[in-house]
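Asker: Kindly return the folded structure for what I paste below:
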Amino acid sequence: MKFKSVPVVVILMACVFAFLPTIAFGASSSSGQQQLDKWDFRWEKPAELTKLPEQASAAGGWQGVTDDKPLYAPSEGTHSAWIRLKLPRLSDNSGAYLPNVFGQDVTVFLDGKVIFHSERNNSFVTNRIVLALDTLDSGKDMYIHVESKRERLGLGDGSRFGDYQTLMKAYAKQDLLDVIIGSAYICVAVVMLICAAFLVRQQLRSWLALCIVILSIGGLIIGNSPFLYTFYGQYGTVYQTLFDLSLSAFLTSLLFFFEQLFGCGYRRIVTHFRRLLIGYVLISTAMLIVNLTTDRSIANLYSEISVKYLGLFMIIQFILMFGMLIRQLWIRNIDSIIIATGLVLFTAVSITELLVYYSSDQTYTFFWWKWGLFAFVISLIVVLGRRFADQHKQIIAYSRELEIYYTELQRSEKLEIISQLAASVAHEVRNPLQVTRGMLQVLGQKNQSKPGEDDFYQLAIDELDRASVIVTDFLGFAKPQMENVVELNLAEEFKHVQGIIVPLANMQGGKLEIQMPKSLCIMGNSSKLKQAIINLIKNSIEALEGSGVVRVWAYEEKQEVVIHIADSGVGMDENMLERLGEPYLSSKSKGTGLGLMITIRIIEAMRGSINFTSEKGVGTEATIRFPSAGTFQQTSVGA
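Answerer: Numbers count the residues shown, from 1 in each chain. Sure thing, here's the model as predicted:
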């Protein structure tokens, strides 16, 4: 599972988009050029159609139009218009650049001759036109005839005259940014699709939904770009089809992505609406296919279905999405905050551009909405990355808990087996050992006259004594139950322990430091507690291997008494530390590991816990926690 792919995708998009504004601003450079400030405009009524500029000029009805307030919206039943503009003083290699000529059919006349003509069978009406002019054309009238059944018809702002090569560069760069942005989205979506091969099933649905969202956004931007219509206008139907399909895919995948993040909503309303939306999209797509294969025979019906009804679905969908976000914000869901931030940025940019559009009499060209949409997509990617990271953390936490559970289970099974073994065998083995020891002592006394044999008898007796100690440890391990549980003052208990263990520390060359407050009290058995503490301190002293310090201190924390026993000895590696408490695991040459097992059982019988930390060459620290005397009594009464 490759979670690093999420930040990589974000960085890729950020890097691609970081330099793109420079392209847009660079394309609008107009140094040394003359702006077209005003021109004449004439609407053509159906009964007054003219085909030649001379006829249009003589027909009258012209009105002056300025660059800051151009005419766009035709009246009902008007589908064509004439534009007349006077050419300024021109130099050699001059040209005219008209970036916003609105019409499906456009014809440009100069000196009564057609110098440009374009016809489109799709609904895209924005035309970019660059024309080569001569010095002799200075002061002449240029006529432009436009026809369209769409909502825009006429000449927009931004027209200018200047060096033809410079204008051609601007012409080539104009709207190239849309293609780059759309291609970047598609590239990111492809990268994400490749990364999907490394995801598990429960992550795949939301990941693929986001891939389709990003892919469809790329299709929307490219399908709506005037760049392709300008240079490859013969494929206009393909671009418009791409736009329609991308819009349908965007809406359904975005709603599905929200459903994966925040659930099905009240009474599964989101799921029901998604199914309804998918049904509408399938019907709309089927109508699109029929329209394309029958040479646009149902163009009007398809336009009504894909515009009016889709707009209604979009309104309902975004209301649902905002409702889901508000509900998640109410419960302080961090994912909803991130998505809401991106959505608010997109909405703020879009609303601002709409206000500018309507305040400019619908002459403004939308541009910045793409960057607001980019912020929204980034928020979606960040949220999905957070979800994957959280799932990864949960899996790791579950794996660790499972590992701890199995370790404890194995330990419990081992302890149970050893307990049963100790209870059944220890008594039977102890008696033969004692008899054998006595016989060896008798034989040793009878054979004192033979030199050298005393050492053999004494060695055998010592080994039998060691075996007896092991059996005694087994018995102590098998029956660690607490008897005579009383309140113990740790200061008093450790005072007795100190008297017993200090001589051993001095003999080993180490030093024992005990700091024990007099107010700490626990419940337990005094002899068992001393046995456990002595075992731990003895192990620490032996770990010093000569000079060193064993420090013991205690305090009360959250109704628990905490005891620390730390040494500056050789320490243990992680493998040894994880296996502490297992039978026959010991770092001492003659150790059995049973002493530590008995110590752990005693501490657990007193409702305590013990934890070890160690570092090789630094030392080991044991941390013991007992419930305080008051807490122990309260839990006993409650039980």
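Asker: List the buried residues in the host helix or strand of Leu355.
Answerer: Mapping Leu355 onto the secondary structure by DSSP states H and E places it in helix 334-359. The neighbour-count check on helix 334-359 (16 or more other Cβ atoms under 10 Å) flags Asp335, Ser336, Ile338, Ile339, Ala340, Gly342, Leu343, Leu345, Phe346, Thr347, Val349, Glu353 as buried. From N, CA and C alone the C-beta is placed, and that goes for glycine too.
Asker: Can you tell me which of those residues is nearest Leu167?
Answerer: Distances from the buried residues of helix 334-359 to Leu167 were compared by Cβ to Cβ; the smallest belongs to Glu353, at 26.8 Å.
Asker: Output the contacting helices and strands for the helix holding Leu355.
Answerer: With contacts taken as 3 or more Cβ pairs under 8 Å, 6 or more residues apart in numbering; DSSP states H and E, helix 334-359 sits against helix 236-262, helix 310-330, helix 369-446.
Asker: is it possible to export these to a markdown table including mean pLDDT and mean neighbour count?
Answerer: Listed next are the helices and strands packed on helix 334-359 as a markdown table, based on pLDDT from 0 to 100; neighbours: other Cβ atoms under 10 Å:
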| stretch | mean pLDDT | mean neighbour count |
| --- | --- | --- |
| helix 236-262 | 90 | 20 |
| helix 310-330 | 85 | 15 |
| helix 369-446 | 78 | 14 |
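Asker: re earlier: quick check: angle from the helix holding Leu355 to helix 236-262?
Answerer: 140 degrees (axes from the mean of the first three to the mean of the last three Cα atoms, to 10 degrees).
Asker: Can you give the distance from helix 334-359 to the centre of its chain?
Answerer: Once both centres are worked out by Cα atoms, centre = their mean, to the nearest Å, helix 334-359 turns out to sit 22 Å from its chain's centre.
Asker: Let me see the contact set for Ser94.
Answerer: Ala132, Leu133, Asp134, Thr135, Asp137, Phe161, Gly162, Asp163, Tyr164 (Cβ atoms under 8 Å, 6 or more residues apart in numbering).
Asker: Excluding covalently adjacent residues, which one is nearest to the second one?
Answerer: Leaving aside its chain neighbours, Leu133 sits nearest to Ser94 (4.7 Å; criterion: Cβ to Cβ, 6 or more residues apart in numbering).
Asker: quick one: the one you found from Ala132, how far?
Answerer: Counting by Cβ to Cβ, to the nearest Å, the gap from Ser94 to Ala132 is 8 Å.
Asker: okay, and the common contacts of these two?
Answerer: In terms of Cβ under 8 Å, 6+ apart, Ser94 and Ala132 are both contacted by the residues Tyr164.
Asker: Let me see the mean pLDDT of the helix or strand where Phe116 lies.
Answerer: In this structure, Phe116 is located in strand 113-119 according to DSSP H and E. This predicted structure assigns strand 113-119 an average pLDDT of 91.
Asker: On the C-terminal side of that strand, identify the next helix or strand.
Answerer: Read in the C-terminal direction, the helix or strand following strand 113-119 is strand 126-133, with elements assigned using DSSP H and E.
Asker: Parallel or antiparallel, which strands does that following strand pair with?
Answerer: Based on DSSP bridges, the pairing partners of strand 126-133 within the sheet are strand 94-102 (antiparallel).
Asker: Let me know the angle separating the strand it pairs with from strand 113-119.
Answerer: With the same axes, to 10 degrees defining the directions, strand 94-102 sits at 40 degrees from strand 113-119.
Asker: Compare the contacts of Ser94 and tell me which is most surrounded.
Answerer: Ranked by neighbour count (other Cβ atoms under 10 Å), the contacts of Ser94 have Phe161 at the top, with 24 neighbours.
Asker: neighbouring contacts of the helix or strand where it lies?
Answerer: Assigned by DSSP H and E, Phe161 belongs to strand 160-163. Applying Cβ under 8 Å, 6+ apart, the set of residues contacting strand 160-163 from outside is 30, 32-36, 87-88, 90, 93-97, 133, 167.
Asker: hang on, Asn611 is in a strand, isn't it?
Answerer: Yes - judged by DSSP: H, G, I helix; E, B strand; the rest coil, Asn611 forms part of a strand.
Asker: what bridges to it?
Answerer: Thr623.
Asker: what's the residue closest to the geometric middle of this protein?
Answerer: Among the residues of the chain, the smallest C-alpha distance to the mean C-alpha position (Cα atoms, centre = their mean) belongs to Gly385, namely 1.4 Å.
Asker: and the gap between that residue and Ile396?
Answerer: 16 Å.
Asker: With Glu54 instead?
Answerer: From Glu54 to Ile396 the distance is 82 Å (Cβ to Cβ).
Asker: do the same with Val349
Answerer: Computed with Cβ to Cβ, the distance linking Val349 and Ile396 is 39 Å.
Asker: One more: Phe313?
Answerer: Counting by Cβ to Cβ, the gap between Phe313 and Ile396 amounts to 42 Å.
Asker: Burial check on Thr78, number of neighbours?
Answerer: Using other Cβ under 10 Å, Thr78 has 15 other residues around it.
Asker: Without its sequence neighbours, what residue ends up closest to it?
Answerer: Nearest residue to Thr78, sequence neighbours excluded (Cβ to Cβ, 6+ apart): Trp43, at 5.4 Å.
Asker: Where does that neighbour sit: helix, strand or coil?
Answerer: Assigned state for Trp43: strand (three-state reduction, three-state DSSP).
Asker: so who does it touch?
Answerer: With contact taken as Cβ under 8 Å, 6+ apart, Trp43 is in contact with Gly61, Pro74, Ser75, Thr78, Ala81.
Asker: Going through those, which ones are buried?
Answerer: Neighbour counting over those (16+ other Cβ under 10 Å) leaves Pro74, Ala81 as the buried ones.
Asker: ok, so of the contacts of Trp43, who is nearest Cys187?
Answerer: Nearest to Cys187 among the contacts of Trp43: Pro74, at 40.3 Å, using Cβ to Cβ.
Asker: Tell me the confidence at that closest one?
Answerer: Per-residue confidence (pLDDT) for Pro74: 80.
Asker: any idea how far the closest residue to Val383 other than its chain neighbours is from Cys264?
Answerer: If you skip the residues right next to it in sequence, Val383 has Asp335 as its closest partner in space, 4.6 Å away by Cβ to Cβ, 6+ apart. Distance check for Asp335 against Cys264: by Cβ to Cβ, it reads 16 Å.
Asker: burial of Leu276, as a residue count?
Answerer: The burial metric for Leu276, expressed as a neighbour count using other Cβ under 10 Å, is 12.
Asker: looking at this, it is in a helix?
Answerer: Yes - according to three-state DSSP, Leu276 belongs to a helix.
Asker: and it, what does it touch?
Answerer: Here Leu276 is in contact with no residues (criterion: Cβ under 8 Å, 6+ apart).
Asker: Local confidence estimate at it?
Answerer: pLDDT, the model's per-residue confidence, is 94 for Leu276.
Asker: Repeat that for the one 10 residues further on.
Answerer: The model reports Ala286 with a pLDDT of 92.
Asker: secondary structure element for it?
Answerer: Using DSSP H and E, Ala286 sits in helix 269-293.
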